[in-house]
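Engineer: Okay, structure incoming, though there's no sequence with it:
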């Protein structure tokens, strides 16, 4: 986990990120994406949102414990979401 980048994140966002990291431990990519979406929903309910950089950082941290195949799935989903949002 890149502590330097996390240092600049607000405490409210950081709490959600840490909860997400804890909930995702030992889970595959199929389980992690719904957890990521739940974290986004929680953020919206609090009037917050992840910046694109924060989202990338979170997904990169989540990918650290994944197999290469799971990383490819997440990368593919990231690409689809990025194209969908533009």
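Structural biologist: Happy to help now that I have it. Here the structure is a predicted model, which means the values were calculated and not measured.
Engineer: From now on I want contacts and neighbour counts done on CA atoms only, so please keep to that.
Structural biologist: OK.
Engineer: So, low pLDDT: which residues of the protein?
Structural biologist: 1-3, 84-86 (pLDDT under 70).
Engineer: where along it do the helices fall?
Structural biologist: 3-6, 11-24, 29-45, 52-63, 68-85 (DSSP state H).
Engineer: As JSON lines, the ones you listed with mean neighbour count would be great.
Structural biologist: Formatted as JSON lines, the helices of the chain follow (neighbours: other CA atoms under 10 Å):
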{"stretch": "helix 3-6", "mean neighbour count": "10"}
{"stretch": "helix 11-24", "mean neighbour count": "15"}
{"stretch": "helix 29-45", "mean neighbour count": "15"}
{"stretch": "helix 52-63", "mean neighbour count": "16"}
{"stretch": "helix 68-85", "mean neighbour count": "13"}
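Engineer: quick one: residue 43 and residue 37, what's the gap?
Structural biologist: From residue 43 across to residue 37, the span is 10 Å (CA to CA, to the nearest Å).
Engineer: Sorry, wrong one. I was asking about residue 29.
Structural biologist: 12 Å.
Engineer: ok, now residue 20?
Structural biologist: 10 Å.
Engineer: and if you look at residue 78?
Structural biologist: Taking CA to CA, one finds residue 78 at 12 Å from residue 37.
Engineer: ditto for residue 9
Structural biologist: Counting by CA to CA - residue 9 and residue 37 are separated by 19 Å.
Engineer: Check the burial of the residue lying closest to residue 66 once chain neighbours are set aside by counting its neighbours.
Structural biologist: In this structure, residue 66 finds its nearest non-sequential neighbour in residue 28, 6.7 Å apart by CA to CA, 6 or more residues apart in numbering. For residue 28, the neighbour count with other CA atoms under 10 Å is 16.
Engineer: so residue 28 makes contact with residue 72?
Structural biologist: No. With contact defined as CA atoms under 8 Å, residue 28 does not count as touching residue 72 (11.9 Å).
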